[in-house]
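K.L.:
sequence below, structure please.
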Amino acid sequence: MMGFASLNPSYDPRNHMTDDERAIRELIATWMRASQAGDVQTVLSLMTDDVVFMVPGREPFGREVFASAAQGMKDVRMEGVSDIRELEVLGDWAYLRAHLQVTMTPPGGTPIRRTGYTLTILRKQGGRWLLARDANLLTTAAP
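P.N.:
Numbers count the residues shown, from 1 in each chain. So this is what the prediction gives:
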C-alpha cells in the first residue's frame with residue numbers, strides 16, 4: 001500500500017515531526033557539530049551518565065572511556081554526515097537508525113574514511129533527550 005508521501009511529491013516529513021523528533025534530530029546535529037569542533041564537553045553533555053557504546057571488536061564501554069578516547073583525538077580533524085533513516089519515539093525512550101560517514105585526518109596524516117550504520121537508544125531525562133546506548137557498525141571505507 002502506498003502512503004501519502006509517495007502520492008504527494010511535495011510532502012516533506014520534516015513539517016510533520018513531533019517536538020520530540022525535532023529535539024532528537026537537533027541532538028544528533030549538535031553531536032556532529034561538537035564532534036567536528038573537538039568540543040568534548042558538549043558531546044558528553046548529550047549522553048546519560050550510564051551510557052553504553054558498542055563497536056566491533058571491543059567490549060562495550062561507557063562515558064569515561066569515551067571521554068578519554070575523545071581527548072586523545074583532540075588534534076584529529078573530523079568531518080562527518082549523519083543521515084537518520086528511522087526514528088521512533090516511545091514515551092521517554094526513542095531509537096534511531098542512521099547511516100554515518102566520517103573522515104578523520106590526524107595531523108600531517110592520511111585521511112581515514114569510515115562509513116556504516118548506527119543504532120541508537122535515547123532516553124528523555126529532565127525534559128532533555130540524551131543518548132543512552134549506541135551500537136556503531138562503521139567500517140573503514142575504500143579510498
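K.L.:
which one is residue 25 nearest to, not counting chain neighbours?
P.N.:
If you skip the residues right next to it in sequence, residue 25 has residue 84 as its closest partner in space, 6.5 Å away by C-beta to C-beta, 6 or more residues apart in numbering. No exception for glycine: its C-beta is placed from N, CA and C like everyone else's.
K.L.:
ok, that neighbour touching residue 94?
P.N.:
No: using C-beta atoms under 8 Å, residue 84 is not in contact with residue 94, being 11.1 Å away.
K.L.:
so which of the two has more stuff around it?
P.N.:
Higher neighbour count among residue 84 and residue 94: residue 94, with 21 against 17, using other C-beta atoms under 10 Å.
K.L.:
residues in contact with the nearest residue to that one once chain neighbours are set aside?
P.N.:
Once its chain neighbours are removed from consideration, residue 94 has its nearest residue in residue 122; the separation is 4.5 Å (C-beta to C-beta, 6+ apart). With C-beta atoms under 8 Å, 6 or more residues apart in numbering as the criterion, the residues that contact residue 122 are 24, 27, 93, 94, 95, 96, 129, 130, 131, 132.
K.L.:
repeat that for 6 Å
P.N.:
The contact partners of residue 122, by C-beta atoms under 6 Å, 6 or more residues apart in numbering, come to 94, 129, 131, 132.
K.L.:
closest to residue 113 out of those?
P.N.:
Proximity of those to residue 113, judged by C-beta to C-beta, is greatest for residue 131, which lies at 23.3 Å.
K.L.:
tell me the contacts of that closest one?
P.N.:
Residue 131 sits next to 46, 47, 122 when contact means C-beta under 6 Å, 6+ apart.
K.L.:
just put these in TSV and tack on secondary structure and distance to residue 54.
P.N.:
Supplementary listing: the contacts of residue 131 in TSV, determined by DSSP: H, G, I helix; E, B strand; the rest coil; distance: C-beta to C-beta, whole Å:
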residue	secondary structure	distance to residue 54
46	coil	17
47	strand	14
122	strand	15
